[in-house]
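S.K.: how would this look folded up:
(chains A, B, C and D)
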There are 2 protein chains.
Amino acid sequence: MNETRRGQPEVPVAHHDARGRSDTRARIQEVAVALFAEQGYEKTSLREIAERLDVTKAALYYHFKSKEDIVRSLVEDYFGQVDALITWARAQPATAATRGEILRRYVGIVAEGDEVFRMLHQNQAAVTSLAAAKNRGELFRERMSSLIGLLTGPAAPLEERLRAAMALGGVSVGWMFFADQVPDRAELCAAVLSIATDIAEGGTLRV
Amino acid sequence: MNETRRGQPEVPVAHHDARGRSDTRARIQEVAVALFAEQGYEKTSLREIAERLDVTKAALYYHFKSKEDIVRSLVEDYFGQVDALITWARAQPATAATRGEILRRYVGIVAEGDEVFRMLHQNQAAVTSLAAAKNRGELFRERMSSLIGLLTGPAAPLEERLRAAMALGGVSVGWMFFADQVPDRAELCAAVLSIATDIAEGGTLRV
DNA sequence: GTCTATAGACGGATAGAC
DNA sequence: GTCTATCCGTCTATAGAC
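M.R.: Model prediction:
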């Protein structure tokens, strides 16, 4: 149960460098994402995170002011990228090329955010009710709504909006399901994008 | 959010029928699903469920042997239907008609299961780690894998399996996002199915 | 920056009366 | 079937030494 080093290939090895300086903060985030995604946010205690890092709970509080603060540092980064995408897209002409580019960037965000993205979707309820306090509105739904609007226009018919929603949803599920099963992420990325574009454009555009 | 007791987010009224018989068990399930979906499984305490029902925690333990048992009673029903679908599908010829029917039934299960389905997806991490004890393997991933296999054949190329996965994912997201926004559920159901079939068949079949 | 120790709160669960 | 009362565990978070 306590395999501090092993498993995911990218977990760093050293706790300290030669002078005793530590990158503990970043390592806390790494371990936290992994545990939150695996067991859930609430079920993961600070004690458990601390144990994996071979530090004590109190040390965590030096780097983060609360458990919620750890998750916030993770989530902000991801949603920040989505918000940036939305802002960018609103300044573009509503062309098919723009819609294609929105999907392309969205797939990029998902692919890059990977672990945080998975953690987020595994803990939607917990994360949403955390953020609800400061970040008003529904974290996921609001962004989803914006993206659908940008992919279809403000008052598109149901079928069209549905295609956009299913394209977005397909990206999430498709990526998360296959990300750790295929060797070539770039290939997966391209395939997901191609199908998502296909879905959104409703067969008028074939790649 | 709460359509069982329509109206505001308020407390149900009747505790007993005329003869003192109570449907407490069913009402516990209703309240639990709603709260779990809204705030998350772990964040919802038995005290809170009991309060909404105007009973005490101890009363809950008469009907369910544990908190986990409440969620299990909910989840079993849903996954039972999915498993039945998989069993049925395995006994069918691997034709396009069968694949279409798999999707049709899957959409039906999602549409009917609605609230439980939403609760499940809002608490994937929590629910998975609960069931892990008795129901070995990944609750979601394993079923997903089976369905993808049935929709594509055992050793289909990545793109084809990806289409299947994204069709399934699209159904979940599409339904959950629009279910409480459109007046006509049957219409939504048909539209989702149509698009999902479109996705899975990869443009060879147009509805 | 990290530790030990502990406060303070809350949760799940049980016993036994009615 | 439901209640009151209570036990025990675990958790977040803080105080203060080093």
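S.K.: got the residues of chain A near DNA strand C?
M.R.: Contact residues, chain A versus DNA strand C (C-beta under 7 Å from any atom of the strand): A:His16, A:Ser22, A:Thr24, A:Ala50, A:Asp54, A:Val55, A:Thr56, A:Lys57, A:Ala58, A:Ala59, A:Tyr62, A:His63. C-betas here are computed from N, CA, C, even on glycine.
S.K.: can you pull the domain assignment for chain A?
M.R.: A:7-64, A:69-201 (automatic domain parsing).
S.K.: what about the longest one, start to end distance?
M.R.: Between the opening and closing residues of domain A:69-201 we find a distance of 40 Å, counting by C-alpha to C-alpha, to the nearest Å.
S.K.: now the lengthiest helix in chain A: buried residues?
M.R.: When chain A is scanned for its longest helix (criterion: DSSP state H), the result is helix A:96-122. Within helix A:96-122, the residues that count as buried by 16 or more other C-beta atoms under 10 Å in any protein chain shown are A:98-100, A:102-103, A:105-107, A:109-111, A:113-122.
S.K.: of the domains of chain A, which shows the lowest average pLDDT?
M.R.: Among the domains of chain A, domain A:7-64 carries the lowest mean pLDDT, at a mean of 82.
S.K.: now do A:Ser146 against B:Arg90, distance only.
M.R.: Distance from A:Ser146 to B:Arg90, counting by C-beta to C-beta, to the nearest Å: 41 Å.
S.K.: just give the closest residue to the spatially most central residue of chain A, not the sequence neighbours.
M.R.: The structure's chain A has its C-alpha centroid closest to A:Phe117; by C-alpha atoms, centre = their mean the separation is 2.1 Å. Leaving out its chain neighbours, the residue that sits closest to A:Phe117 by C-beta to C-beta, 6 or more residues apart in numbering or on different chains is A:Val110, at 5.5 Å.
S.K.: who touches A:Ala37 in this structure?
M.R.: For A:Ala37, the contacting residues are A:Glu115, A:Arg118, A:Met119, A:Gln122, A:Asn123, B:Ala125, by C-beta atoms under 8 Å, 6 or more residues apart in numbering or on different chains.
S.K.: quick check: A:Ile49 touching A:Leu60?
M.R.: Yes - taking C-beta atoms under 8 Å as the definition, A:Ile49 is a contact partner of A:Leu60 at 6.6 Å.
S.K.: what residues are shared contacts of those two?
M.R.: By C-beta under 8 Å, 6+ apart, A:Ile49 and A:Leu60 have these common neighbours: A:Ile28.
S.K.: more crowded one of A:Ser146 and B:Arg90?
M.R.: For A:Ser146 versus B:Arg90, the count of surrounding residues by other C-beta atoms under 10 Å in any protein chain shown is larger for A:Ser146: 17 against 11.
S.K.: helices and strands around whichever helix or strand that one is part of, which ones?
M.R.: When elements are assigned from DSSP states H and E, A:Ser146 belongs to helix A:139-152. Helix A:139-152 is packed against helix A:67-90, helix A:96-122, helix A:124-131, helix A:158-178, with contacts defined by 3 or more C-beta pairs under 8 Å, 6 or more residues apart in numbering or on different chains; DSSP states H and E.
S.K.: on that earlier part again, which of the residues of chain A next to DNA strand C come close to DNA strand D?
M.R.: A:Lys57, A:Ala58.
S.K.: neighbour count added to the residues of chain A next to DNA strand C, as CSV?
M.R.: Formatted as CSV, the residues of chain A next to DNA strand C follow (neighbours: other C-beta atoms under 10 Å in any protein chain shown):
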residue, neighbour count
A:His16, 10
A:Ser22, 16
A:Thr24, 16
A:Ala50, 18
A:Asp54, 9
A:Val55, 18
A:Thr56, 12
A:Lys57, 14
A:Ala58, 9
A:Ala59, 15
A:Tyr62, 11
A:His63, 17
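S.K.: check the residues of chain A next to DNA strand C and tell me the two furthest apart.
M.R.: Across those, the longest distance by C-beta to C-beta is 18.8 Å; it joins A:His16 and A:Lys57.
S.K.: so how far is A:Glu112 from A:Ile86?
M.R.: Using C-beta to C-beta, A:Ile86 is found at 17 Å from A:Glu112.
S.K.: residue contacts, the closest residue to A:Ala37 other than its chain neighbours?
M.R.: Spatial nearest neighbour of A:Ala37, chain neighbours left out: A:Met119 (3.9 Å); criterion: C-beta to C-beta, 6+ apart. By C-beta under 8 Å, 6+ apart, the contact set of A:Met119 is A:Val33, A:Phe36, A:Ala37, A:Leu74.
S.K.: do A:Ile102 as well
M.R.: A:Leu85, A:Ala89, A:Leu147, A:Leu150, A:Leu151.
S.K.: could you do A:Tyr106 as well?
M.R.: A:Val82, A:Leu85, A:Leu147, A:Leu168, A:Val171.
S.K.: got the contact list for the second one?
M.R.: With contacts defined as C-beta under 8 Å, 6+ apart, A:Leu85 is in contact with A:Ile102, A:Arg105, A:Tyr106, A:Ile109, A:Leu147.
S.K.: and stretch A:169-187, end to end?
M.R.: 19 Å.
S.K.: err, stretch A:37-57, not the other one
M.R.: So stretch A:37-57: terminal residues 20 Å apart, C-alpha to C-alpha.
S.K.: pick the most buried one from the domains of chain A.
M.R.: Counting by mean count of other C-beta atoms under 10 Å in any protein chain shown, domain A:69-201 has the highest mean neighbour count of those, with a mean of 18.
S.K.: now that one, how far from the centre of its chain.
M.R.: 9 Å (C-alpha atoms, centre = their mean, to the nearest Å).
S.K.: is it fair to say A:Lys65 lies in a strand?
M.R.: No - assigned with DSSP: H, G, I helix; E, B strand; the rest coil, A:Lys65 falls outside any strand and is coil.
S.K.: that one: how many residues sit nearby?
M.R.: When neighbours are defined as other C-beta under 10 Å, A:Lys65 has 11 of them.
S.K.: what about it, distance to A:Ser73?
M.R.: A:Lys65 is 10 Å from A:Ser73, by C-beta to C-beta.
S.K.: likewise A:Leu139?
M.R.: The gap separating A:Leu139 from A:Ser73 is 15 Å, by C-beta to C-beta.
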